[in-house]
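In: Generate coordinates for the sequence data below:
(chains A and B)
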Protein chains: 2
Amino acid sequence: MSAAEVVTQQAVNPYDAYRTALIEAGLLIPSGVRGLYGLSGVFEGIIERFERFVTRMGVHARPEVMRFPPLLSRKTYLETEHLEAFPNLMGSIHTFLGDERQAIELANKKTAGQDWTKDLAPTDVMLVPAACYPLFPTATGTLPPDGRTIDLRTFVFRHEPSDDPARMQIFRQREYVRLGTPDEALTHRNYWLLRGEEMLHAVGLDVKRVVANDPFFGRGGRVMVATQREQTLKYELVAPVASEEKLTAISSCNYHVDHFGRAFGIKTADGEVAHTACIGLGLERIALALFKKHGFEPRRWPARVRDILEL
Amino acid sequence: MSAAEVVTQQAVNPYDAYRTALIEAGLLIPSGVRGLYGLSGVFEGIIERFERFVTRMGVHARPEVMRFPPLLSRKTYLETEHLEAFPNLMGSIHTFLGDERQAIELANKKTAGQDWTKDLAPTDVMLVPAACYPLFPTATGTLPPDGRTIDLRTFVFRHEPSDDPARMQIFRQREYVRLGTPDEALTHRNYWLLRGEEMLHAVGLDVKRVVANDPFFGRGGRVMVATQREQTLKYELVAPVASEEKLTAISSCNYHVDHFGRAFGIKTADGEVAHTACIGLGLERIALALFKKHGFEPRRWPARVRDILEL
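Out: Numbering: from 1, shown residues only, chains lettered A, B, ... in the order given. Predicted coordinates for the structure are as follows:
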């Protein structure tokens, strides 16, 4: 790349441009940390309305609703292979377990600008890496004859500080998860891939479907990437958010095969290892895609979109 | 205490009894960690309805709505005195920043049952200790002439694993925060103390007002406790939740004097250090108090309560 090209790229960096515009409009409130923002009432309102749309679109499946907080049992975390596959994204919660004397040392280190974090100890909890992780250990055992369909929404954490406003360190995933036979799981994944496309088209987003992979860590991860793509286990629905050229995944539809069924001892009614699948909707990213497409003032959005979102 | 008394106490431990009942009713979903639960759709629905009631009761103040995620900038955290006052409650987020070789060592330690957490490094973020912490650094500078009133809702973390279902490690606080002159701040605190009582009475909760203090750590903290109580800076609205004898704070009304104004350089329009105050409503605790008072089936709650909550 020539120096002139570098300068041009910097001048039109779409991530900085869109992030700055969102902050100036008051939709994002900067925190001083890359990828961590407060949201305005208008922004949060779009997420609330979109969530109600998701609820209406899933009501026929009569899903069980569960709402997990942003924390996961450390024991559950270790029963998954997240540490092996995505160690760079994890969030481990540490606290101070010492006595009064040690607390004074801790505070003195802070005052002196020294590293006080080595005085902390790990707690029993981690940040949730994906919305369905807290669900699986609660499903250990045998499923009912038709399996289960669960409606989830969870704050999930990925340590990947970024200037792209769509790449937040913590954000909400809304999911419909299916636990059942291989056929039930795959049917769910394929159904929601279509339905997800329909829903996002209906609110005016130009999504397209792509075969995708999780960002497995390191060289060893490349084998997992290849397998996941060959078996077309993961599709993403991508749309323009900050960049028109490099599209952003705003939803993903995943078939986990028996990965979680095996890890958490989940069986179908006929005693086989359960298969699982989910659609995940990235709520902050969908709102960002809507603001990009229709502008920053929801009252000026197209009537059809306002109708669907009951704005 | 005699052995017989100990046995009786254990037999009637109201925390175990209420927690077990909530789990059996499916309202709380255990995670394997004390004080960490998933919530059912019914439980979450009560929180949603109560929040709409809070919104309606605050609409006349035309608050600015801000929604912060569960994470706080580590730099902001260190600008408060949380580390000095409540080190035992903090949640510091650590992750893996190493290369591929170190990732293999990390995974090997996990497999061998060794401590792998020492291989992690602190990130730029902490869990939010109280809903208004993320707000203050965004208000640095000069307030408008009438100050500001903010509507917040945030997941907050306190590392205090407990068998009391009302003492969760992570839960949501809804807050109205006032930034302004001493008079504006104190008026806000006192207004919402009355209005909070009214609101909670209206949904059938037998709250009473008590002078309270934050749980400052250690012997040094006792001075802060005494000062806070003498100056009646903190009131709590307490109600029966698990225990009828030992009441639980479901809301608190706090006057921070110039503590946060000074820490974050917030000034009133006439150049004085701003004073701040807030009402915080513990959403999970309020739902737990409602289930305790009216039973586990919201459709059987008193008509008056159902009307107010639009159930």
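In: what about the residue lying closest to A:R299 once chain neighbours are set aside, neighbour count?
Out: Excluding the flanking residues, the one nearest A:R299 by Cβ to Cβ, 6 or more residues apart in numbering or on different chains is A:L311, at 7.3 Å. Where C-beta positions appear, they are placed from N, C-alpha and C, glycine not excepted. Neighbour count of A:L311, defined by other Cβ atoms under 10 Å in any protein chain shown: 13.
In: And A:V33, by the same measure?
Out: Considering only other Cβ under 10 Å, A:V33 is surrounded by 18 other residues.
In: For it, what are phi and psi?
Out: Main-chain dihedrals, A:V33, degrees, to the nearest 10: phi -110, psi 140.
In: Show the contacting residues for it.
Out: A:161, A:169, B:71, B:73-75, B:124-125 (Cβ atoms under 8 Å, 6 or more residues apart in numbering or on different chains).
In: same deal with A:P63?
Out: A:149-151, A:176.
In: quick one: pLDDT of it?
Out: In this prediction, A:P63 carries a pLDDT score of 98.
In: distance of the closest residue to it other than its chain neighbours from A:L237?
Out: Leaving out its chain neighbours, the residue that sits closest to A:P63 by Cβ to Cβ, 6+ apart is A:D151, at 3.9 Å. Using Cβ to Cβ, to the nearest Å, A:D151 is found at 19 Å from A:L237.
In: Who has more neighbours out of these two?
Out: A:L237 (27 against 20).
In: show me the contacts for the residue of the stretch 51-200 of chain A found nearest chain B.
Out: Residue of the stretch 51-200 of chain A nearest chain B, by Cβ to the nearest Cβ: A:V65 (2.8 Å). With contacts defined as Cβ under 8 Å, 6+ apart, A:V65 is in contact with A:150-151, B:40-41, B:44.
In: Which one of the residues you listed is nearest to B:F296?
Out: Distance to B:F296, by Cβ to Cβ, is smallest for B:S40 among these, at 10.0 Å.
In: and the closest one, what are its bridge partners?
Out: Going by DSSP bridges, B:S40 is paired in beta bridges with A:M66.
In: Look at it and say how many residues are nearby.
Out: 19.
In: Spit out the contact partners of it.
Out: A:65-67, B:26-29.
In: And the strands in chain A?
Out: A:28-30, A:37-40, A:64-67, A:71-73, A:92-95, A:121-127, A:141-142, A:148-157, A:170-180, A:208-211, A:234-239, A:248-257, A:266-267, A:275-282 (DSSP state E).
In: Which of these sits closest to A:E297?
Out: Going by Cβ to Cβ, the one of the strands of chain A nearest A:E297 is strand A:37-40, 12.1 Å.
In: Buried ones in that closest one, by neighbour count?
Out: A:37-40 (16 or more other Cβ atoms under 10 Å in any protein chain shown).
In: again with stretch A:19-36
Out: For stretch A:19-36, the buried set under the neighbour-count rule, 16+ other Cβ under 10 Å, comprises A:19, A:21-22, A:27-31, A:33-36.
In: Now do the helices in chain A.
Out: A:3-11, A:14-24, A:41-58, A:74-79, A:82-85, A:100-111, A:182-202, A:220-230, A:259-263, A:283-294, A:303-308 (DSSP state H).
In: Looking at whichever residue of the stretch 201-311 of chain A sits closest to chain B now. What's its pLDDT?
Out: Taking Cβ to the nearest Cβ, chain B has its nearest neighbour within the stretch 201-311 of chain A at A:G218, 4.1 Å off. Note for A:G218: predicted pLDDT of 88.
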